[in-house]
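**Student:** got a predicted structure plus its sequence, pasted below:
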Amino acid sequence: MGIIKKLASQTAIYGLSSIFGRFLNYSLVPLHTRFFSAQEYGVVSEFYAYAGFFSVLLLFGFETGYFRFRNKELITGDKTYSTALWFILLVNVAFFAFIFSINHWLSSLLNYPEHPEYVLCFSLILILDAISAIPFARLRAEEKAFRFAGIKIAEILIIVALNLLFLWVCPKLYANKTFPLVTEFYDPTIGVGYIFIANLVASVFKFILLMPQLLGLRWGFDITLFKRLLCYSLPMVVIGFAGIINEMLDRVLLKQLLPYDLATNMKMLGIYSACYKLSILMSLFIQAFRFAAEPFFFAYADKSDARPVYAKVLRFFVIFCVFIFLLVTLFLDFFKYFVGEEFRSGLDVVPVLLLANLCLGIYVNLSIWYKLTDHTLMGALVALCGAALTVYLNIQWIPLYGYMGSAWATLACYGSMAVVSYLLGQIYYPVNYNVLRILAYIGLGLGLYQANLYLKPIIIWEPGLLALALLSLYLLTAMLFENRYLAANK
């Protein structure tokens with residue numbers, strides 16, 4: 001259990017920083033959903049959906065490629081790092097030059113001809129984040145979790161501070177005209193553009209903090225190593241694209257496929273996007289786990305007990321994910337206050353999206369089979385099939401069921417990918433996962449959720465006490481079974 005505890009501690013560091021950072025960022029949701037209409041908030045959601053696609057393309061999968069090759073025989077980590085960093089830097093400079101040249105045409109194509117600055121802001125954010133990803137990968141590989149976390153938190157603090165300045169402080173000062181300087185630089189017509197500006201400033205600050213790691217460029221560029229990195233990593237671009245399609249395409253398609261006028265469609269998109277963020281705790285845990293687990297999986301692959309350890313990791317991962325599912329769904333009457341009242345009509349998507357993210361987390365664990373065996377092309381095929389399913393189901397279900405159709409499509413996609421990845425993993429990299437126990441924990445979580453829905457209208461307890469009792473029952477059951485399991489396998 002020692003290695004599991006080490007992985008858990010690394011995940012906790014990343015997780016606490018992510019939770020703290022995302023909590024600060026999430027605290028902006030009440031501000032955004034009260035300061036902007038649902039239609040305006042839909043603009044923000046649309047741009048971040050586009051940004052998700054390009055963030056994958058501009059990294060070329062080299063983050064995972066760096067983990068794969070940094071400890072290979074006759075390859076030093078410094079050479080792998082500098083080769084990856086030089087390539088990502090050159091690609092992103094070329095990308096910005098291209099976007100700058102077509103900015104006005106692209107802004108008109110996206111139906112924002114009055115705001116070409118939106119496109120420029122996002123292109124700069126994207127290239128800064130892509131270049132920063134390689135230094136962040138090195139910090140993770142070297143287990144410098146505290147420095148990683150500190151930079152991430154600093155970035156979020158700047159985003160929050162600037163959002164409060166632009167969306168709360170400046171409008172009040174501008175209206176009172178008590179500070180002439182504010183009337184000089186603040187323009188209320190920019191609107192949601194101030195959200196983008198805050199993100200850009202934070203990305204620049206993050207880039208500056210990573211300068212010590214960026215000095216690794218001096219170790220040069222190895223063309224032979226680059227070819228190996230490219231062959232391994234390019235399928236990861238396909239996997240990343242498929243992941244973004246699964247995660248973000250619903251936000252794009254809702255605007256086009258909902259059977260209303262454009263203004264109403266944007267309103268529905270804003271409601272869905274705001275409620276989507278109520279599944280944030282599950283997403284945060286999966287993100288923190290990925291930060292810690294990816295370098296761990298590669299570093300531990302040569303150990304004799306690697307496969308049994310991977311099986312234990314998945315089991316404990318599922319236990320914690322089901323706990324998060326219950327925490328949010330049982331106390332949804334509390335979490336709903338994190339979004340404005342106009343947005344609460346979409347709360348029904350939250351349990352479905354939480355389950356979808358649980359399946360995604362299982363898939364992340366199971367995906368080690370293609371990363372460790374270099375079958376990244378086959379992994380890309382699985383991801384493409386999942387993306388195709390997402391597109392098909394969204395097209396079929398959005399006109400019929402609205403944004404609930406998108407939520408169910410996300411669950412169907414991630415659930416299918418987890419099943420297929422498990423079956424292929426048992427062929428190419430067999431791991432003896434305790435499938436029955438994992439399914440039992442998920443079934444227990446669903447049963448307790450349904451019990452809460454049934455009992456809440458008829459029981460005389462305070463609803464919060466009922467939720468607490470059901471959550472405690474889950475934890476006690478998990479502790480009982482895991483203690484017995486560990487005792488039987490000593």
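**Tutor:** That came in fine, so what should we check first?
**Student:** ok, which stretches of the stretch 351-490 of the chain are helices?
**Tutor:** Assigned by DSSP state H, counting those that start in this stretch, the helices in the stretch 351-490 of the chain fall at 368-372, 376-401, 403-428, 435-455, 463-488.
**Student:** counting by contacts, list what the shortest one packs against.
**Tutor:** In other words, helix 368-372. On a contact count with 3 or more C-beta pairs under 8 Å, 6 or more residues apart in numbering; DSSP states H and E, helix 368-372 meets helix 280-300, helix 376-401, helix 403-428. C-beta here means a position set from N, CA and C on the backbone, and glycine is covered the same way.
**Student:** pipe these into CSV and attach mean neighbour count per row.
**Tutor:** What follows is these, written out as CSV (neighbours: other C-beta atoms under 10 Å):
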stretch, mean neighbour count
helix 280-300, 21
helix 376-401, 18
helix 403-428, 20
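**Student:** could I get those helices as a markdown table with mean pLDDT and distance to Ile458?
**Tutor:** Putting those into a markdown table (pLDDT from 0 to 100; distance: least, C-beta to C-beta, whole Å) gives the following:
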| stretch | mean pLDDT | distance to Ile458 |
| --- | --- | --- |
| helix 280-300 | 79 | 28 |
| helix 376-401 | 90 | 29 |
| helix 403-428 | 93 | 26 |
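**Student:** could I get the helices of the stretch 351-490 of the chain as JSON lines with distance to Leu262?
**Tutor:** Below are these laid out as JSON lines (distance: least, C-beta to C-beta, whole Å):
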{"stretch": "helix 368-372", "distance to Leu262": "41"}
{"stretch": "helix 376-401", "distance to Leu262": "15"}
{"stretch": "helix 403-428", "distance to Leu262": "16"}
{"stretch": "helix 435-455", "distance to Leu262": "35"}
{"stretch": "helix 463-488", "distance to Leu262": "39"}
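**Student:** what sits against Pro116?
**Tutor:** For Pro116, the contacting residues are 103-104, 107, by C-beta atoms under 8 Å, 6 or more residues apart in numbering.
**Student:** quick one, which of those are buried?
**Tutor:** Neighbour counting with 16 or more other C-beta atoms under 10 Å marks 103, 107 as buried within the contacts of Pro116.
**Student:** and after the least confident helix or strand in the chain by mean pLDDT, which helix or strand comes next?
**Tutor:** For the chain, counting by mean pLDDT, DSSP states H and E, helix 2-26 ranks last in confidence among helices and strands (a mean of 63). Following helix 2-26 in sequence order, the next helix or strand is helix 28-35 (DSSP states H and E).
**Student:** tilt between that next one and helix 280-300?
**Tutor:** 140 degrees (axes from the mean of the first three to the mean of the last three C-alpha atoms, to 10 degrees).
**Student:** helix 28-35: which residues count as buried?
**Tutor:** 28-29, 31-33, 35.
**Student:** lowest-confidence entry in the residues you listed?
**Tutor:** Across those, no position has a lower pLDDT than Val29, which has 69.
**Student:** just to revisit the earlier point, and the buried residues of helix 28-35 as CSV, adding distance to Ala306?
**Tutor:** Below are the buried residues of helix 28-35 laid out as CSV (distance: C-beta to C-beta, whole Å):
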residue, distance to Ala306
Leu28, 41
Val29, 41
Leu31, 46
His32, 44
Thr33, 46
Phe35, 50
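**Student:** now the two most distant members of the residues you listed.
**Tutor:** Val29 and Phe35 (10.7 Å; C-beta to C-beta).
**Student:** what is the burial count for the nearest residue to Tyr403 once chain neighbours are set aside?
**Tutor:** Leaving aside its sequence neighbours, Tyr403 sits nearest to Tyr272 (C-beta to C-beta, 6 or more residues apart in numbering; 3.9 Å). The number of residues packed near Tyr272 is 25, by other C-beta atoms under 10 Å.
**Student:** quick check: angle from the helix or strand harbouring Tyr272 to helix 403-428?
**Tutor:** Counting by DSSP H and E, the element that carries Tyr272 is helix 262-276. Orientation check (the same axes, to 10 degrees): helix 262-276 against helix 403-428 gives 50 degrees.
**Student:** contact partners for the closest residue to Tyr401 other than its chain neighbours?
**Tutor:** Nearest non-adjacent residue to Tyr401, counting by C-beta to C-beta, 6+ apart: Trp408, 7.3 Å away. Under the criterion of C-beta under 8 Å, 6+ apart, the neighbours of Trp408 are 352, 393, 397, 401.
**Student:** go ahead and confirm the residue nearest to Tyr403 touches Tyr401.
**Tutor:** No. Counting by C-beta atoms under 8 Å, Tyr272 sits too far from Tyr401 to count as a contact (11.9 Å).
**Student:** quick one, what contacts the nearest residue in space to Asn365 that is not next to it in sequence?
**Tutor:** What sits nearest to Asn365 in space, not counting adjacent residues and going by C-beta to C-beta, 6+ apart, is Leu314, at 4.5 Å. Neighbouring residues of Leu314 by C-beta under 8 Å, 6+ apart: 362, 365-366, 433, 438.
**Student:** distance of Leu314 from Tyr429?
**Tutor:** Using C-beta to C-beta, to the nearest Å, Leu314 is found at 13 Å from Tyr429.
**Student:** one more: Gly443?
**Tutor:** 27 Å.
**Student:** which of the two has more neighbours?
**Tutor:** Shown here are Gly443 and Tyr429; by other C-beta under 10 Å, Tyr429 has more neighbours (19 against 11).
**Student:** phi first, then psi, for that one.
**Tutor:** Torsion angles at Tyr429 (phi, psi; degrees, to the nearest 10) stand at phi -150, psi 70.
**Student:** identify the residues contacting it.
**Tutor:** By C-beta under 8 Å, 6+ apart, the neighbours of Tyr429 are 307, 368-369, 372-373.
**Student:** likewise Leu139?
**Tutor:** Listed by C-beta under 8 Å, 6+ apart, the contact partners of Leu139 are 145, 147-148, 213.
**Student:** kindly report the same for Gly65.
**Tutor:** So Gly65 contacts 84, 229-230, 232-233, 236 (C-beta under 8 Å, 6+ apart).
**Student:** picking up where we left off before, so of the contacts of Leu314, which ones are in strands?
**Tutor:** Using DSSP state E, the subset of the contacts of Leu314 located in strands is empty.
**Student:** now, which of those sits nearest Tyr66?
**Tutor:** Asn365 (20.6 Å).
**Student:** I'd say that closest one and Arg315 touch.
**Tutor:** No. Checked against C-beta under 8 Å, the pair Asn365 and Arg315 is beyond contact range at 9.6 Å.
**Student:** of the two, which one has the most company?
**Tutor:** The neighbour count for Asn365 versus Arg315, taken as other C-beta under 10 Å, is higher for Asn365 (25 against 19).
**Student:** pLDDT wise, what is Lys371 at?
**Tutor:** pLDDT, Lys371: 85.
**Student:** that one: neighbour count?
**Tutor:** 21.
**Student:** picking up where we left off before, between the buried residues of helix 28-35, which is nearest Pro188?
**Tutor:** Distance to Pro188 across the buried residues of helix 28-35 (C-beta to C-beta) is lowest for Phe35, with 11.1 Å.
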